[in-house]
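Novice: just to be clear, the model below is a prediction. Sequence and coordinates:
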Amino acid sequence: QKQLVLLIEDFIERETSRELDRDCDENERFPIELNDKLAATGLYGLPFPREYGGTGGSTVDFCLATETLAKGSDAACALFLLPVFFAGEMILNNGSEEQKHRYLPEIVAGRFKGCFALTEPEVGSDASRVKTRAVADGDEFVINGHKTLISGAEIADTIMTVTRTDPDVNRYEGMSILMIPRETPGITINKLKKLGGRIISTCEIFFDDVRVSSELILGGPEALNQGWPQLLKQLDIERIMMGALHVAIA
Ligand SMILES: Cc1cc2nc3c(=O)[nH]c(=O)nc-3n(C[C@H](O)[C@H](O)[C@H](O)COP(=O)(O)OP(=O)(O)OC[C@H]3O[C@@H](n4cnc5c(N)ncnc54)[C@H](O)[C@@H]3O)c2cc1C
């Protein structure tokens, strides 16, 4: 763990600066030019087992990395979190074997970023009230709804979208998470204005008759309506990660 911290501190010393952070924040831009360099350190694979190309780090390692990055550079921390946390942890903890083998090595290589779309204009703390609807149509789902306050949506490759797939059961039992490619027709993304923290954008997303294959249910088609327990796993690790992040900022 000491070596991990040294590796990150060395990266921050060599590749980042206050000017970079300021430039990214003032110009509301993601520091994509550092992506390949951060990927080359192996950090994008930190929490993933070796069979998916990662280095098998623990939750403590993940938090140490987040804390060290956040302390040193907002830009580097943003680069790390979008792929590794928003996409990677979600797929690692809930994905099917096929999805893990397909996406996790892409994340390790710096070629895949995700965002996590739970919040809606009228759905915040009580996540079980999600209204965004996904209706089965043959082997596909048709999605309609509105998400807001979604971090990094406009640069994510895939939007991990919390949807309601069965409105007729207990509200904890009718949710599914769909991995919706950002370029899918029917998706509109708008960046919201913010006072700070602008390196990762905060966006609203509209889904208008967006069609995706049922293969894109997180966990595969057999994980239909398993969204609530999947969500809780993600929020557990998110709360711990957020703690580490904000200790660093403080
Ligand atoms: C910068 C930023 C980035 C974000 N990124 C994402 C993202 O990537 N993906 C995503 O899905 N969401 C994201 N969010 C949304 C965030 O998760 C929500 O803001 C959060 O879930 C709270 O929802 P809300 O803002 O509607 O507040 P509300 O749910 O309306 O809560 C308002 C206040 O009331 C309190 N409260 C609520 N219910 C109760 C209760 N039953 N008892 C007592 N107190 C209560 C809350 O603690 C809070 O203080 C982001 C938000 C911000 C500000």
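Specialist: Sure thing, it's come through. Residues are numbered from 1 along each chain as shown.
Novice: phi and psi next, for the residue in the chain positioned nearest to the ligand.
Specialist: The nearest approach of the chain to the ligand comes at Gly124, 2.0 Å away (C-beta to the nearest ligand atom). For the C-beta atoms, the positions are set from N, CA and C on the backbone; glycine is no exception. Torsion angles at Gly124 (phi, psi; degrees, to the nearest 10) stand at phi -120, psi -100.
Novice: go on, Asp208?
Specialist: Dihedral angles for Asp208 - degrees, to the nearest 10 - are phi -120, psi 100.
Novice: ok, it to Gly124 distance?
Specialist: Distance of Asp208 to Gly124, given as C-beta to C-beta, to the nearest Å: 23 Å.
Novice: where's the residue nearest to Gly186 when sequence neighbours are not counted, which helix or strand?
Specialist: Spatial nearest neighbour of Gly186, excluding adjacent residues (C-beta to C-beta, 6 or more residues apart in numbering): Val210 at 3.9 Å. For Val210, the host element (DSSP states H and E) is strand 202-213.
Novice: for that strand, which helices and strands make contact with it?
Specialist: strand 140-151, strand 175-181, strand 187-191 (3 or more C-beta pairs under 8 Å, 6 or more residues apart in numbering; DSSP states H and E).
Novice: let's have those strands in CSV, adding distance to the ligand and mean pLDDT.
Specialist: Below are the helices and strands packed on strand 202-213 laid out as CSV (distance: least, C-beta to the nearest ligand atom, whole Å; pLDDT from 0 to 100):
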stretch, distance to the ligand, mean pLDDT
strand 140-151, 3, 98
strand 175-181, 11, 98
strand 187-191, 12, 98
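Novice: that's all I had, so thanks and see you.
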